[in-house]
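Trainee: Based on what follows, work out the 3D shape:
(chains A, B, C and D)
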Protein chains: 2
Amino acid sequence: MASRAEQRAETRRALLAEGRRRFARDGFHGVVLEEVARGAGVTKGAAYHHFGSKAGLFRTVVEEAQQEVADRVTEAAGHHEDPWKQLIAGCRAYLSAGSDPAIQRIMLIDAPTVLGWNEWREMDDASSAHHLTEALETLVASGVLAPQPVEPLARLLSGAMNEAAVWLAESGDPTSLEATTTALERLIEGLRR
Amino acid sequence: MASRAEQRAETRRALLAEGRRRFARDGFHGVVLEEVARGAGVTKGAAYHHFGSKAGLFRTVVEEAQQEVADRVTEAAGHHEDPWKQLIAGCRAYLSAGSDPAIQRIMLIDAPTVLGWNEWREMDDASSAHHLTEALETLVASGVLAPQPVEPLARLLSGAMNEAAVWLAESGDPTSLEATTTALERLIEGLRR
DNA sequence: AATTTCACATACCGTGGGTATGCCAACGGA
DNA sequence: TCCGTTGGCATACCCACGGTATGTGAAATT
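Mentor: Numbers count the residues shown, from 1 in each chain, chains lettered A, B, ... in the order given. Next up, the predicted model:
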């Protein structure tokens, strides 16, 4: 038989995977925890043992998803040296990642209500929004952007991209991604001096 | 005794008022429909008779709130003749209205999850977002803004303002409203040619 | 080999949204 | 003014589902 640690890890993995699939498909309140457990080959007891509550499982799924998005953004930005190009590439990657229906249903629609807006914001800050602020600060420091408070601007841009991501996923039109990216770049471009 | 139509209208009014108070304070899922009814001086039966479901009551509350916000935006824009000033004034009014905690909890946090993002978007379009698109089209037509697809831009700005509104209400800092408005104006200003 | 630990399974409870039905006062025609 | 009808609710009930308390057996520890 497998060791206990292995078994535990495997159960946790299975619960997270099945939870993610269902949360993405049916939304938090459309998901029945017992069915998630059955899909993972265990019972509710296992889920409560690992995550404490339905919201606890959901929180972990959100953390995973946010981490993936942050990775994609960082990776895209890493392909460039110029901070300006890094910003644009990062925004592109964020929009592209967010237009995955699974990602956006979980991260952008349900998460704020289920976890509370404050906790959601902290998690968002800790992953991708933080990078955005940093990028903007670099650009202000190097004089590419006019001196200005960065925080409000970062929140505006973050909100713009979040909403755009949901809109893209919902519209389904693949050409919209280009149009939205272009509009976003135009917006940021306007800040240059 | 009051006529049936009057009584009906009064019950409906009371349910909506109490529902709005509670939805704003406790969030959709924190609200118990029976308590809403009790607060309105009736029972659950009345609520189901009028609105069909808890979500139905919530939907009507959202419609009311959106209408109020739209009115405030239209009123603010009406004080100006210049389309550009109208846009700025409208955005200001929207941010200001959205920073009311009751408005934003209902309209911006719970509504997308409870009603579904698509329905929420349609309602938003029908009220305030529609005005934004119109204003932008006017500005493009008159040459103040560079020719460009207006729809993606409107969604970006709409999302930016929605997130900013929640952020403002949550932060509680009154000077943030100024900072955010300034940042937003700078963003739009950058689109001028 | 005995004991402890712990990762789950099982059985159960309470809350709350939704529904089916009953009641009684307002309406509307004769 | 009587009487049937309508409809705006109240009452009683159902049951899905999140959460909890407790049991169990195999792995880990001694």
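Trainee: Mind listing residues that contact the worst-scoring helix or strand of chain A on mean pLDDT?
Mentor: Sorting the helices and strands of chain A by mean pLDDT, DSSP states H and E puts helix A:101-104 at the bottom, at a mean of 90. Residues outside helix A:101-104 that contact it (Cβ atoms under 8 Å, 6 or more residues apart in numbering or on different chains): A:20-21, A:24-25, A:65, A:68-69, A:97-98, A:165-166, A:169. In short, each C-beta sits where N, CA and C put it, glycine included.
Trainee: A:Leu157 and A:Thr182, how far apart?
Mentor: Applying Cβ to Cβ, to the nearest Å, the value for A:Leu157 to A:Thr182 is 15 Å.
Trainee: Show me what counts as buried in the least confident helix or strand of chain A.
Mentor: Within helix A:101-104, the residues that count as buried by 16 or more other Cβ atoms under 10 Å in any protein chain shown are A:103-104.
Trainee: Spit out the contact partners of A:Pro112.
Mentor: A:120, B:109, B:113.
Trainee: tell me the domain boundaries of chain A?
Mentor: Split into domains by automatic domain parsing, chain A comes to A:1-52, A:62-189.
Trainee: so of those, which one's packed in deepest?
Mentor: Most buried of the domains of chain A, by mean neighbour count (mean count of other Cβ atoms under 10 Å in any protein chain shown): domain A:62-189, with a mean of 19.
Trainee: ok, and does that domain reach over to DNA strand C?
Mentor: No. Residues of domain A:62-189 are not located near DNA strand C by Cβ under 7 Å from any atom of the strand, the shortest gap being 14.5 Å.
Trainee: CA atoms of the helix or strand hosting A:Glu134 as PDB?
Mentor: For A:Glu134, the host element (DSSP states H and E) is helix A:130-141. The C-alpha coordinates for helix A:130-141 follow below in PDB (Å, rounded to 0.1, in the frame of the first residue of the first chain):
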ATOM      1  CA  HIS A 130       1.500  43.400  -7.500                       C
ATOM      2  CA  HIS A 131       3.500  43.000 -10.700                       C
ATOM      3  CA  LEU A 132       1.400  45.700 -12.400                       C
ATOM      4  CA  THR A 133       2.100  48.200  -9.600                       C
ATOM      5  CA  GLU A 134       5.800  47.400  -9.800                       C
ATOM      6  CA  ALA A 135       5.900  47.800 -13.500                       C
ATOM      7  CA  LEU A 136       4.200  51.100 -13.300                       C
ATOM      8  CA  GLU A 137       6.500  52.400 -10.600                       C
ATOM      9  CA  THR A 138       9.500  51.400 -12.700                       C
ATOM     10  CA  LEU A 139       8.100  53.400 -15.600                       C
ATOM     11  CA  VAL A 140       7.400  56.400 -13.500                       C
ATOM     12  CA  ALA A 141      10.900  56.300 -12.000                       C
END
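Trainee: hmm, that helix in reach of chain B?
Mentor: No. Against chain B, helix A:130-141 shows no contacts by Cβ under 8 Å from any Cβ of the partner chain, the least distance being 10.7 Å.
Trainee: Touching that helix from outside, list them.
Mentor: Residues contacting helix A:130-141 (Cβ under 8 Å, 6+ apart): A:70, A:73-74, A:77, A:83-84, A:86-87, A:90, A:145-148, A:150-151, A:153-154, A:157-158.
Trainee: how about a cut-off of 6 Å?
Mentor: Outside helix A:130-141, the residues that touch it by Cβ atoms under 6 Å, 6 or more residues apart in numbering or on different chains are A:83, A:87, A:145, A:147, A:150, A:154.
Trainee: What of stretch A:186-193?
Mentor: For stretch A:186-193, the external contacting residues (Cβ under 6 Å, 6+ apart) are A:145-146, B:187, B:190-191.
Trainee: And the pLDDT for A:Ala2?
Mentor: For A:Ala2, the model assigns a pLDDT of 80.
Trainee: To clarify, my last question referred to A:Glu64.
Mentor: 97.
Trainee: ok, it to DNA strand D distance?
Mentor: Distance, A:Glu64 to DNA strand D, using Cβ to the nearest atom of the strand, to the nearest Å: 19 Å.
Trainee: secondary structure element for that residue?
Mentor: Assigned by DSSP H and E, A:Glu64 belongs to helix A:54-78.
Trainee: Quick check: residues of chain A near chain B?
Mentor: For chain A, the residues in contact with chain B (Cβ under 6 Å from any Cβ of the partner chain) are A:109-110, A:112-113, A:117, A:149, A:152-153, A:155-156, A:159-160, A:163-164, A:166-167, A:179-180, A:183, A:187, A:190-191.
Trainee: Try it again at 7 Å.
Mentor: Where chain A comes near chain B, counting by Cβ under 7 Å from any Cβ of the partner chain, the residues are A:109-110, A:112-113, A:117-118, A:148-149, A:152-153, A:155-160, A:162-164, A:166-167, A:170, A:179-180, A:183-184, A:186-187, A:190-191.
Trainee: can you pull the contacts of the closest residue to A:Ser142 other than its chain neighbours?
Mentor: Nearest residue to A:Ser142, sequence neighbours excluded (Cβ to Cβ, 6 or more residues apart in numbering or on different chains): A:Pro83, at 6.6 Å. The neighbours of A:Pro83, taking Cβ atoms under 7 Å, 6 or more residues apart in numbering or on different chains as the test, are A:135, A:138-139, A:142.
Trainee: Among those, which one sits closest to DNA strand D?
Mentor: A:Ala135 (38.0 Å; Cβ to the nearest atom of the strand).
Trainee: any idea how far that closest one lies from DNA strand C?
Mentor: The spacing between A:Ala135 and DNA strand C, counted by Cβ to the nearest atom of the strand, is 40 Å.
Trainee: follow-up on the earlier one: redo the contacts of helix A:130-141 as JSON lines? Include pLDDT.
Mentor: Formatted as JSON lines, the contacts of helix A:130-141 follow (pLDDT from 0 to 100):
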{"residue": "A:Pro83", "pLDDT": "95"}
{"residue": "A:Leu87", "pLDDT": "96"}
{"residue": "A:Leu145", "pLDDT": "94"}
{"residue": "A:Pro147", "pLDDT": "93"}
{"residue": "A:Val150", "pLDDT": "96"}
{"residue": "A:Ala154", "pLDDT": "97"}
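Trainee: All set now, cheers.
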